[in-house]
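Asker: the sequence isn't on hand, but the structure is:
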């Protein structure tokens, strides 16, 4: 039996946690804090699982603001060349600015009372990686992932909470 080994590259998609929270509130009636914790859990897991591979991070807002630059970043990362005609079609026919319903900054996260500081810390790290052509240092990312996982483990009893929409009387119900 012939086995082949192919190189694997990861592209991490980043979206501002407040944008995610707003979207999940609108679509699924999630409370903001639940959405923020889900964002955190998923992104810490992504960093942890991709740390050894030196992924590239693409920020959704950066992609919508400057698609050619983000396509160049991804192409550079994958050792590819951008085909100008294909890029033009992608930017004009695939990307739809009308689908971006929110726009938040890192300062908005830091100022939001519902955002735990670790949410801002993880977003800030991922955001910094989303504007460079260089992949993250794998050793540094593993250390960050380990630190964030330990933080999540310390507060895991709070993350097991099963949030439910408000009851008809307006009170939140829950089930642990």
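Answerer: The structure has been received and is ready for your questions. What you see is a predicted model, and the numbers here were worked out from it, not measured in a lab.
Asker: and the gap between residue 151 and residue 122?
Answerer: Distance of residue 151 to residue 122, given as CB to CB, to the nearest Å: 9 Å. (Glycine included, C-beta is placed from N, CA and C.)
Asker: again, but for residue 100
Answerer: Distance, residue 100 to residue 122, by CB to CB: 22 Å.
Asker: helices of the chain, start to end?
Answerer: Secondary structure of the chain (DSSP state H): helices at 17-28, 32-50, 60-65, 67-77, 84-89, 106-111, 117-129, 138-154, 156-159.
Asker: turn the ones you listed into a markdown table, including distance to residue 8 and mean neighbour count.
Answerer: Formatted as a markdown table, the helices of the chain follow (distance: least, CB to CB, whole Å; neighbours: other CB atoms under 10 Å):
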| stretch | distance to residue 8 | mean neighbour count |
| --- | --- | --- |
| helix 17-28 | 26 | 18 |
| helix 32-50 | 10 | 19 |
| helix 60-65 | 22 | 17 |
| helix 67-77 | 13 | 17 |
| helix 84-89 | 23 | 11 |
| helix 106-111 | 30 | 14 |
| helix 117-129 | 18 | 18 |
| helix 138-154 | 14 | 15 |
| helix 156-159 | 30 | 11 |
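Asker: tabulate those helices in TSV, adding columns for mean pLDDT and distance to residue 3.
Answerer: Shown next, in TSV, are those (pLDDT from 0 to 100; distance: least, CB to CB, whole Å):
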stretch	mean pLDDT	distance to residue 3
helix 17-28	94	39
helix 32-50	91	23
helix 60-65	90	36
helix 67-77	91	26
helix 84-89	84	33
helix 106-111	92	45
helix 117-129	94	33
helix 138-154	88	25
helix 156-159	65	39
